[in-house]
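K.L.:
Sequence and predicted structure, then a few things I'm wondering about:
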Amino acid sequence: MYPENRLIRIKMQDWGKISEQNSHWNSNKARKIQEKEARIIIKWLRDLKLLNYNILEVGCGNGYVGLKISDYFLKEKIEFKYYLTDLIPNCIEKTKENFANLKAHEPVRFGVLDVYKMDKTLGPKTQEIIISTGFASAATYKNAVPIVSNSLKKGGVLICDFVNNFSPILFLSNIPRSISRIINNKKYAKDVNSKYYHFGKIGIKEYFQKYDLKLIDMKYIGVLKNPIVAIFKKNR
Ligand SMILES: C[S@@+](CC[C@H](N)C(=O)[O-])C[C@H]1O[C@@H](n2cnc3c(N)ncnc32)[C@H](O)[C@@H]1O
């Protein structure tokens, strides 16, 4: 499903190909995870008790997580606006297809957006809620975190997910790789200039805190406890 083991070698221009190879994250296996994540995200969003939700999703893939959230908000008659974005235009086309049956389209928009440019494209301190999922979600690229943080208003919320290095199946599937990932993860978490992804739980709290993003909660998804979804609040 998700090409976790190759992620650090992925160049941006490869995402189009990877999305094709992974059926634009539309497989049953991917959907199960997306549905579980959507349920947790909906609960966190509800806990915010806002009168109106203004949501930006980055790296939305096929948009299924956003669809579940939008569907729920419409059914519960909760006021919201949802902007689904991805680097790859084809993903946005798939997202539009997945949204075709949603009854009210008005609050939902779609667009191409590069997470590395989002503060310039959308303006700094403009976003209230940012969602990004998919194990190596776009918002959790190490060098994207400061940009994502700069895009959030004070008090804004980031919800994103991470590979869980300690998931038993993931760990046992390749023990040397798992150990090297844990060691490297620790190293990269300290190195602000490193280009690497966050691969797991280690160092997340400290790394995000450097960019004024306070970890509020974390939940494991699925019986294999992979991935981890987390919610952060922008302090300043
Ligand atoms: C692993 S997929 C996850 C898709 C979906 N969010 C999910 O949960 O199934 C990662 C997505 O991030 C997108 N992406 C990669 N780099 C990006 C960037 N720089 N800016 C925005 N999106 C990006 C990819 O095109 C891909 O759709």
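P.N.:
Received it, and whenever you're ready, just let me know what you need. Residues are numbered from 1 along each chain as shown.

K.L.:
CA only for contacts and neighbour counts going forward, please
P.N.:
Fine.

K.L.:
what does the protein have sitting close to the ligand?
P.N.:
2, 12, 15, 25, 34, 58-61, 86-88, 113-116, 132-134, 136-138 (CA under 6 Å from any ligand atom).

K.L.:
Please enumerate the helices of the protein.
P.N.:
Under the criterion DSSP state H, the chain carries helices at the ranges 15-21, 28-47, 64-75, 89-98, 118-122, 145-151, 168-173, 175-190, 204-209.

K.L.:
Filter the residues of the chain next to the ligand down to just the buried residues.
P.N.:
Using 16 or more other CA atoms under 10 Å as the burial test, the residues of the chain next to the ligand include 2, 25, 34, 58-61, 86-88, 113-116, 132-134, 136-138 as buried.

K.L.:
Sort out for me which of those residues are in strands.
P.N.:
Residues from these lying in strands, with DSSP state E as the criterion: 86, 132.

K.L.:
which residue is nearest the centroid of this protein?
P.N.:
For the chain, the residue nearest the mean C-alpha position is Ser132 (1.9 Å; CA atoms, centre = their mean).

K.L.:
From Val148, how far out is the residue lying closest to that residue once chain neighbours are set aside?
P.N.:
Take Ser132 and drop its neighbours on the chain: the residue closest to it by CA to CA, 6 or more residues apart in numbering is Cys160, 4.7 Å away. As judged by CA to CA, to the nearest Å, Cys160 and Val148 stand 11 Å apart.

K.L.:
Longest strand in this structure, please.
P.N.:
Longest strand in the chain, counting by DSSP E: strand 152-162.

K.L.:
Where does the prediction get shaky in the protein?
P.N.:
1-13, 104-105, 185-200, 223 (pLDDT under 70).

K.L.:
What's the separation between the most far-flung residue of it relative to its centre and the ligand?
P.N.:
In terms of distance from the mean C-alpha position of the chain, Pro176 ranks first, at 27.2 Å (CA atoms, centre = their mean). Look at Pro176 and the ligand: by CA to the nearest ligand atom, to the nearest Å, they are 23 Å apart.
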